[in-house]
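In: Prediction below, plus the sequence it came from.
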Amino acid sequence: MGRYSKYSDKELADLLKSGDQSAFTEIYNRYWSVMYAHVYKMLRDREEAKDVIQEIFSKLWLKATEIRSNQNLAGFLYVAARNRVLNLMEQHRVRNDYVKSIASFVSEIDPGAIDRVDEKKITQIIEQEILNLPPKMREIFEMSRKENLSHKEIAEKLNISDQTVKKQVQNALKIIRPKISNLSIFVFALIILK
């Protein structure tokens, strides 16, 4: 292993092209810290800099056969690092622009409009869930909620027991509640995607 430290970059690159793992290890040891410092200076993030360096050396090993014989190894590594950092910066910029545009959109929405959309959409969803109830349960539930009749009044009108009315209303609520439990998430998504 010691003899590899005496080889020039060109000799190491030639050995690397032939799949020499010791040559790769020497290149890694020779350039890791200087490449890390270079990338860290651009990114100012230790973990991201380590990831970039790891990726560069992985690609160097995987694409060793593509290295030209007269390739400047240090130059090759620096160009690969610079390109990867520029790509990362562009990805961050695009992501930040997207987040800013969403935040701007949400902040520009009239709160009254959100309330109206919420109320209208919630009402539509609840009405649809009521329509999906079994016919007798729906009739009892609507008499209770829409006509504001007591359980006793409903029981008298439909010629059934108070207990039956109470049970039907409870069952209707058990069916409807889970369906509308995620409405706030739904309404927020609706506002964002409209």
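Out: Received it, and whenever you're ready, just let me know what you need. Numbers count the residues shown, from 1 in each chain.

In: Using the three-state scheme, assign residue 68.
Out: For residue 68, the assignment made with DSSP: H, G, I helix; E, B strand; the rest coil gives coil.

In: What's the local residue count around it?
Out: Residues lying near residue 68 (other CB atoms under 10 Å) number 9. Every residue, glycine included, has its C-beta placed from N, CA and C.

In: just residue 176 next, same as before
Out: By other CB under 10 Å, 18 other residues sit near residue 176.

In: I'd say it and residue 130 touch.
Out: Yes: between residue 176 and residue 130 there is a contact at 7.0 Å, judged by CB atoms under 8 Å.

In: Return the helix or strand in the protein with minimum mean pLDDT.
Out: Within the chain, no helix or strand scores below helix 183-193, which has a mean of 48 by mean pLDDT, DSSP states H and E.

In: low pLDDT regions in the chain?
Out: Within the chain, the stretches with pLDDT under 70 are 1, 94-123, 178-194.

In: what helix or strand does the nearest residue to residue 140 once chain neighbours are set aside sit in?
Out: For residue 140, ignoring the flanking residues on the chain, the nearest one in space by CB to CB, 6 or more residues apart in numbering is residue 168 at 4.3 Å. Residue 168 belongs to helix 162-180 when elements are defined using DSSP states H and E.

In: And that helix, what does it pack against?
Out: Helices and strands touching helix 162-180, by 3 or more CB pairs under 8 Å, 6 or more residues apart in numbering; DSSP states H and E, are helix 111-131, helix 135-145, helix 151-158.

In: And it, what's buried?
Out: Under the neighbour-count criterion of 16 or more other CB atoms under 10 Å, helix 162-180 has 165, 168, 169, 172, 175, 176 buried.
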